[in-house]
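# need coordinates for the following:
(one chain, ligands or ions: 1)
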Amino acid sequence: MENKNFKKPPVVVVMGHVDAGKTSILDYIRRTKVAEKEAGGITQHIGAYQIDYKGNKITFLDTPGHEAFNAMRSRGAKVADIAVLVVGADEGVKPQTKEAIEIIKKEGLPMIVAINKIDKPGADIEKVKSDLAQHGVLLEGYGGDVSFAATSAKTGHGIDELLELIILAYELSPVNVSLEGELEGVIIEATKDSKKGNVATVLIRNGVLRIGDIIGTKSAYAKVKMMEDFTGMKVKEVLPGMPVLIFGFKNLPVVGDKVKRFNSQQEAESYIKKKERKEKEINVLPNHEGKKVINIVLKADVEGSLDALEYVLKGIKDEEVLLRIIKKGVGEATDKDAKIADAGNAIIFAFRTKISKPALNLIDAKKIKVYTADVIYDFVEVARKMIDDIKKPKEQRIDLGKLKVLVVFMTKKQRQIIGCRVLDGEVRKGVRLEILRDGEVIGEGKLISLEKNKQDIGQAKKGDEVGILYEGNVKIEVGDEINVYYIEK
Ligand code: GDP
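I've put the predicted structure just below:
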């Protein structure tokens, strides 16, 4: 294959604060820029798509939200060539905008800003510009050279301009690849499908991938049986920059893992074995002595969300408490997951996925904690709350014994001196008292001093007759019973 004529299309990642319009922009571009004949098939969500704009191919990663992108980065995968930072013209810079800016800078990616929602009445482009400047992003015409487009994913305004800026930015820093060179790719998404089996979206960065090739990551491999692009069309050959759905994985690969080519299945298998050993050693928990541990079983709809969630949870650091993922997987939470959670005293986090009927029964019976949500940050909140709860000193009531009131010697405001018999257990100086009349709790107080045979004592046992000085919120009468307890922290 001729190398000279091939220009790898840029791979674009879209980042920004939640609700800034990332999905809407990606949807608008997909809807309007995928050539009619291509869209003849049913476009499918495979984690990335490619358009042809005025003869220029551009690939978009369409798992917006930088969590997924972060998960890929954390595995050292080079995924994107250009980043589009979406900022709502009605909102300006928000917390996740700042995070996105940091990631883009760290990655050293060329950045283009889309000031979105300019159709909205509250849109204020100038405010966004000054907001961004405050965070070190200087736009063109505002003292810097970061290009930007004012867009509306609703009307389509500025979207062409955005695409042109992407093409321009890529012309300035194109990525050179070799079609004859070694195969390099990355897993963008992975799903277990009841009909299709284990399928994964791969984005090739170098070399050419063909049907029949044996490819793999450090944990999964495939003899490539079939490949489909995002329009559902079968493809026989995949060039760099083109996302493709690959059928034939023996087990589910991990999102963000690098993909390489092997000469044989044996070679792929032995590579995985070697890596497995290595991973196991690395995965051994660092010494967590002295830390309290919260065990978690993670389930998610697809590998991409699972990775993103794991990445985010691992980012929650606490000096006293450690979050430990004891099991993770794709698909609904099953009774097997529930058993593991039960054995490990773990909470189940189910992200965009269901809980099977048998699992629900077990969860009910064993009182396993489960949390389901569609938004990653809900889990973060739950995890943070669990950490806070675990750190709070716990109060526990310890029951000591029971008294029967035989005589009331003296009553003065909230204090009384009474004579009792210890019916059960014991009584000690300083304990708390719960007053019962006809079997019902009517008030409470505390025991200030304890006497037996007119002598101050520290404690008395079942059968003893004692005098006590009581202080509390009800008047005790002869015949009342008193529960004796204390609170332990
Ligand atoms: P994401 O969280 O960044 O992916 O944001 P979405 O694409 O889901 O958009 C959040 C909300 O803003 C949705 O209700 C969209 O319909 C709306 N929205 C997105 N872009 C625009 C826009 O340009 N104009 C207007 N008026 N609404 C928009």
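# OK, contacts around residue 456?
Shown in contact with residue 456 (C-beta atoms under 8 Å, 6 or more residues apart in numbering): 449, 450. For glycine as for every other residue, the C-beta is placed from the backbone atoms N, C-alpha and C.
# please apply the same query to the one 4 residues further on.
Applying C-beta under 8 Å, 6+ apart to residue 460 gives the contacts 422, 426, 427, 450, 452, 466.
# equivalent analysis for residue 473, please.
Contacts of residue 473 by C-beta under 8 Å, 6+ apart are 414, 443, 444, 445.
# per-residue pLDDT, the first one?
Per-residue confidence at residue 414 stands at 89 (pLDDT).
# thought it was touching residue 469?
No. Under the criterion of C-beta atoms under 8 Å, residue 414 makes no contact with residue 469, lying 11.1 Å away.
# these two - which one has more neighbours?
When neighbours are counted by other C-beta atoms under 10 Å, residue 414 and residue 469 differ, and residue 469 comes out ahead with 17 against 12.
# can I get the helix or strand containing that one in PDB, CA atoms only?
In the assignment (DSSP states H and E), residue 469 maps to strand 465-472. What follows is strand 465-472, C-alpha atoms only, in PDB (Å, rounded to 0.1, in the frame of the first residue of the first chain):
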ATOM      1  CA  GLU A 465     -31.400  -3.800  96.800                       C
ATOM      2  CA  VAL A 466     -29.900  -0.400  96.200                       C
ATOM      3  CA  GLY A 467     -30.600   3.300  96.700                       C
ATOM      4  CA  ILE A 468     -30.000   5.600  93.700                       C
ATOM      5  CA  LEU A 469     -29.900   9.300  93.100                       C
ATOM      6  CA  TYR A 470     -31.700   9.800  89.800                       C
ATOM      7  CA  GLU A 471     -32.000  12.900  87.600                       C
ATOM      8  CA  GLY A 472     -34.300  12.900  84.600                       C
END
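# stretch 292-312: end-to-end distance?
With C-alpha to C-alpha, to the nearest Å as the measure, the first residue of stretch 292-312 is 19 Å from its last.
# now check it, is it near the ligand?
No. Applying C-beta under 6 Å from any ligand atom, one finds stretch 292-312 separated from the ligand by no less than 14.0 Å.
# gap between that stretch and the chain center?
Distance of stretch 292-312 from the chain centroid (C-alpha atoms, centre = their mean, to the nearest Å) equals 6 Å.
# what residues sit buried inside that stretch?
Residues of stretch 292-312 classed as buried by neighbour count (16 or more other C-beta atoms under 10 Å): 293-312.
# please apply the same query to stretch 435-443.
For stretch 435-443, by 16+ other C-beta under 10 Å, it's 435, 436.
# pLDDT of that stretch, averaged?
For stretch 435-443, mean pLDDT rounds to 92.
# equivalent analysis for stretch 228-241, please.
Averaged across stretch 228-241, pLDDT comes to 92.
# can you show me the CA trace of that stretch as PDB?
Taking Å, rounded to 0.1, in the frame of the first residue of the first chain, the C-alpha atoms of stretch 228-241 are listed here in PDB:
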ATOM      1  CA  GLU A 228     -17.800  -3.200  10.800                       C
ATOM      2  CA  ASP A 229     -17.600   0.500  10.600                       C
ATOM      3  CA  PHE A 230     -20.000   2.700  12.500                       C
ATOM      4  CA  THR A 231     -22.500   2.700   9.700                       C
ATOM      5  CA  GLY A 232     -22.700  -1.100  10.000                       C
ATOM      6  CA  MET A 233     -20.800  -1.700   6.800                       C
ATOM      7  CA  LYS A 234     -18.500  -4.700   6.700                       C
ATOM      8  CA  VAL A 235     -14.900  -3.800   6.100                       C
ATOM      9  CA  LYS A 236     -11.900  -5.900   5.200                       C
ATOM     10  CA  GLU A 237      -9.100  -3.500   5.800                       C
ATOM     11  CA  VAL A 238      -8.700  -0.800   8.300                       C
ATOM     12  CA  LEU A 239      -6.400   2.200   8.000                       C
ATOM     13  CA  PRO A 240      -5.100   4.400  10.800                       C
ATOM     14  CA  GLY A 241      -7.700   6.900  12.200                       C
END
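# buried residues, that stretch. List them.
228, 229, 230, 231, 235, 238, 239, 240, 241.
# tabulate those residues (JSON lines), appending secondary structure and distance to residue 480.
Shown next, in JSON lines, are the buried residues of stretch 228-241 (DSSP: H, G, I helix; E, B strand; the rest coil; distance: C-beta to C-beta, whole Å):
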{"residue": "228", "secondary structure": "strand", "distance to residue 480": "79"}
{"residue": "229", "secondary structure": "coil", "distance to residue 480": "82"}
{"residue": "230", "secondary structure": "coil", "distance to residue 480": "77"}
{"residue": "231", "secondary structure": "coil", "distance to residue 480": "81"}
{"residue": "235", "secondary structure": "coil", "distance to residue 480": "85"}
{"residue": "238", "secondary structure": "strand", "distance to residue 480": "84"}
{"residue": "239", "secondary structure": "coil", "distance to residue 480": "88"}
{"residue": "240", "secondary structure": "coil", "distance to residue 480": "85"}
{"residue": "241", "secondary structure": "coil", "distance to residue 480": "84"}
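# name the nearest of those relative to the ligand.
residue 230 (18.4 Å; C-beta to the nearest ligand atom).
# would you check how far apart the closest one and residue 195 are?
Taking C-beta to C-beta, to the nearest Å as the measure, residue 230 falls 18 Å from residue 195.
# same thing with residue 407?
Look at residue 407 and residue 195: by C-beta to C-beta, they are 82 Å apart.
# before we move on, what about residue 30?
Look at residue 30 and residue 195: by C-beta to C-beta, they are 24 Å apart.
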